[in-house]
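Colleague: below is the structure, and that's it, no one-letter string:
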């Protein structure tokens, strides 16, 4: 056994940990989606104020992130100039606030299952916006894959029993803003060598979201809330809901940091199927055969896209290892040449 046994045990431990991170992320993501649906849906808890809910999340996350960064000093804040904050963090905060506002609003109009089907368009949006901003290279094969995903989602929408155009517009808007945010993170932060973990990300971005959401809240939801004399905030419901949202951010960091973003994408597909099954069996949302056929087609497209990304990553790693071995071989050859030339000099002196 010896080293082989230790190695196999180490590999097994790593696999089990990876599955644990995936399970934690799926569970928390599942909880946040179902919890938000429960709060916002007029047929359930009946608190249809998506801007207010998003602001509660951002206020909670901002406060907790401040405590962890400034008071408990669990993580160090990133060194960031005011100029960088204005030009990079604030635009990302604006996009994030719009994405959260619209995605939470969609729960009022659409079923959980149909929202997950529409979210399958995320790779399409990220790739298209990436090409527009020249962060992705245009490839006809990849674009054909994106079109197949779009067709699948269109078929799923055609088969939706409770189709609501307002809800679809809101969810597609949320996908577009979220995709733009992800590309902007690459352009504005990653390209400058700045990486934010979830705590520092919330520390810088959540207060921006809170400020950006305040203006529409004052005009859209505040007048309605003040008219309701019976309005009161249930601290147990909104506190646990906000804590789940914060924990989900930490779970994303844990999953991506310990595995990869690709693993999260693949796990996301599993989570979507689980949510569709839950929506159909527990919430009693109507899921039609055409819904499933369309989403299955989109699912195959997303699966192929993830497979292509994995192959590209493997090829990149192989090329990197090959370059490293070539460099090492070159250094060894140079050392041997130096040694041989040194020995020849010594012989000539003798």
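Modeller: Okay, I see it. The structure displayed is predicted, hence computed values, not measured ones.
Colleague: where does the stretch 151-300 of the chain have low pLDDT?
Modeller: Regions of the stretch 151-300 of the chain meeting the criterion pLDDT under 70 cover residues 229-231, 256-257, 260-262.
Colleague: can you map out the helices along it?
Modeller: For the stretch 151-300 of the chain, the helices defined by DSSP state H, counting those that start in this stretch cover 165-184, 198-220, 222-227, 235-258, 261-281, 289-349.
Colleague: buried stuff in stretch 208-227?
Modeller: Applying a neighbour-count criterion of 16 or more other Cβ atoms under 10 Å, the buried positions in stretch 208-227 are 208-210, 212-213, 217, 221. C-betas here are computed from N, CA, C, even on glycine.
Colleague: oh, that last question was meant for stretch 63-72, not what I typed.
Modeller: Judged by neighbour count using 16+ other Cβ under 10 Å, the buried positions of stretch 63-72 are 64-66, 68-69.
Colleague: now the buried residues of stretch 208-227 as CSV including distance to residue 182?
Modeller: Formatted as CSV, the entries for the buried residues of stretch 208-227 read as follows, by distance: Cβ to Cβ, whole Å:
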residue, distance to residue 182
208, 16
209, 16
210, 21
212, 18
213, 20
217, 25
221, 27
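Colleague: if we can go back for a sec, just the closest of the buried residues of stretch 63-72 to residue 123, please.
Modeller: Of all the buried residues of stretch 63-72, residue 65 has the smallest distance to residue 123: 29.0 Å, by Cβ to Cβ.
Colleague: could I get the average pLDDT for stretch 87-107?
Modeller: Model confidence over stretch 87-107 averages 94 on the pLDDT scale.
Colleague: next one: that stretch to chain centre, how far?
Modeller: Averaging C-alpha positions (Cα atoms, centre = their mean, to the nearest Å) puts stretch 87-107 13 Å from its chain's average.
Colleague: touching it from outside, list them.
Modeller: Outside of stretch 87-107, the residues that reach it under the criterion Cβ atoms under 8 Å, 6 or more residues apart in numbering are 36-37, 40-41, 50-51, 53-54, 57-58, 80, 115, 167, 170-171, 173-174, 177-178, 180-181, 184-185, 188-189, 192, 194, 204-209, 211-213, 216.
Colleague: distance of residue 153 relative to residue 291?
Modeller: 11 Å (Cβ to Cβ, to the nearest Å).
Colleague: now residue 190
Modeller: Computed with Cβ to Cβ, the distance linking residue 190 and residue 291 is 37 Å.
Colleague: neighbour count for those two, which is higher?
Modeller: Taking other Cβ atoms under 10 Å, residue 190 and residue 291 do not tie; residue 291 has more neighbours (24 against 13).
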